[in-house]
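Colleague: With the input below, show me the fold.
(chains A and B)
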2 protein chains.
Amino acid sequence: MQYFEDVVIGQPRDIGSHTFTEAAIIRFAEQFDPQPFHIDPEAAKDSNFGGLIASGWHTAATVMRLIVDSAIEVEASLGSPGFDNLLWKQPVRPGDTIRARLTCVEKTPSKSRPDIGSGRFLIEVFNQRDELIMSMTSIGLMRLRHPPQG
Amino acid sequence: MQYFEDVVIGQPRDIGSHTFTEAAIIRFAEQFDPQPFHIDPEAAKDSNFGGLIASGWHTAATVMRLIVDSAIEVEASLGSPGFDNLLWKQPVRPGDTIRARLTCVEKTPSKSRPDIGSGRFLIEVFNQRDELIMSMTSIGLMRLRHPPQG
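Modeller: Okay, here's the model as predicted:
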């Protein structure tokens, strides 16, 4: 995300990877999404998914961590008003390693505040078999490095 | 979410509330969203938000917990392929209590599997001042209680 001027439209950027353990999947889901197929390996076998899978919110939050670690400039970021089109396309299972890619698809200077701008980012997440497992579009608000002098 | 037949379109349903502590906000954000305005009360004072705020992913995951605890029938739920239009409209600060409301806006039997159907749910989240702080639309997949006999 960096400063507004630094963001290049249409240039995919790898933002790192993360491996999900069974313990971490269960720990997250016990707190936030305690459905049997997220917290109980035995019950999960009989579910529609055939085994334990990570909460989609765990996957999404993990991708946020990758974004923070690799693509956000602390001084430039002003947070996000939301996102769109979040699709969980394939389950994430214990031992799976996901990697994410961030592409700015649009950026717009603010009309009301000349010192900030927003970007629309496509986030694509793949597993170790290069299957797309999640995608979403996120809005990020950023400061300008060199705001126009009023 | 219950069984497909049980879901009534257009009937808002209160799904409970949750109070955010500063400790929980920091704990979640240290793991998933370590931006200064989520993890450092002092640095947060100088941020655009004027104080510590919860990660939007923390809010979203907490709402998922409310949904699981109050609106999902374990035997009926088949998970979710995704959601849409997630908007963080107001920050959640330490001590804030959020409450959520779930409204089915559409339900559709599956064309390929007569034993399941999907619902589109509007989720609205308010704080203790009745300000809308988050909204999103989620898809839920459910079994039919009485699938048509083939």
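
Colleague: What ranges does chain A have for its helices?
Modeller: Ranges of helices within chain A are A:22-32, A:36-39, A:41-45, A:56-71, based on DSSP state H.

Colleague: which residues are in contact with the second one?
Modeller: Residues external to helix A:36-39 that are found in contact with it (CB atoms under 8 Å, 6 or more residues apart in numbering or on different chains): A:25-26, A:29-30, A:43-44, A:47-49, A:52-55, B:74, B:79. C-betas here are computed from N, CA, C, even on glycine.

Colleague: Got a PyMOL select line for the buried ones in the residues you listed?
Modeller: In PyMOL syntax, the buried subset of these is picked out as below (16 or more other CB atoms under 10 Å in any protein chain shown):
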select buried, (chain A and resi 25+26+29+44+47+52+53+54+55) or (chain B and resi 79)
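
Colleague: do you know how far the spatially most central residue of chain A is from B:Asn48?
Modeller: When CA atoms, centre = their mean is applied to chain A, the residue found nearest the centroid is A:Val63 (3.5 Å). As for A:Val63, its distance to B:Asn48 is 23 Å (criterion: CB to CB, to the nearest Å).

Colleague: any idea where the strands of chain A begin and end?
Modeller: Counting by DSSP state E, the segments of chain A that form strands are A:13-19, A:82-88, A:97-109, A:116-126, A:132-143.

Colleague: what about stretch A:105-124, near chain B?
Modeller: No. Stretch A:105-124 stays clear of chain B (CB under 8 Å from any CB of the partner chain), getting no nearer than 8.9 Å.

Colleague: returning to what we had before: just put the helices of chain A in a markdown table and tack on mean pLDDT.
Modeller: Listed next are those as a markdown table, based on pLDDT from 0 to 100:
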| stretch | mean pLDDT |
| --- | --- |
| helix A:22-32 | 98 |
| helix A:36-39 | 94 |
| helix A:41-45 | 95 |
| helix A:56-71 | 93 |
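
Colleague: Can I get those in CSV including distance to B:Gly117?
Modeller: Formatted as CSV, these follow (distance: least, CB to CB, whole Å):
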stretch, distance to B:Gly117
helix A:22-32, 25
helix A:36-39, 19
helix A:41-45, 22
helix A:56-71, 20
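
Colleague: nearest spatial neighbour of A:Ala76, skipping sequence neighbours?
Modeller: Closest residue in space to A:Ala76, ignoring its immediate chain neighbours: A:Tyr3 at 4.4 Å, by CB to CB, 6 or more residues apart in numbering or on different chains.

Colleague: Now for the one you found, how many residues are close by?
Modeller: 16 (other CB atoms under 10 Å in any protein chain shown).

Colleague: Could you do the one 5 residues further on as well?
Modeller: Other residues lying near A:Val8 total 11 when counted by other CB under 10 Å.

Colleague: farthest pair in the contacts of helix A:36-39?
Modeller: A:Glu30 and A:Asn48 (20.3 Å; CB to CB).

Colleague: any idea how far the closest residue in space to A:Pro94 that isn't next to it in sequence lies from A:Ile53?
Modeller: Closest residue to A:Pro94 apart from its sequence neighbours, by CB to CB, 6+ apart: A:Glu22 at 3.8 Å. Distance from A:Glu22 to A:Ile53, counting by CB to CB: 11 Å.
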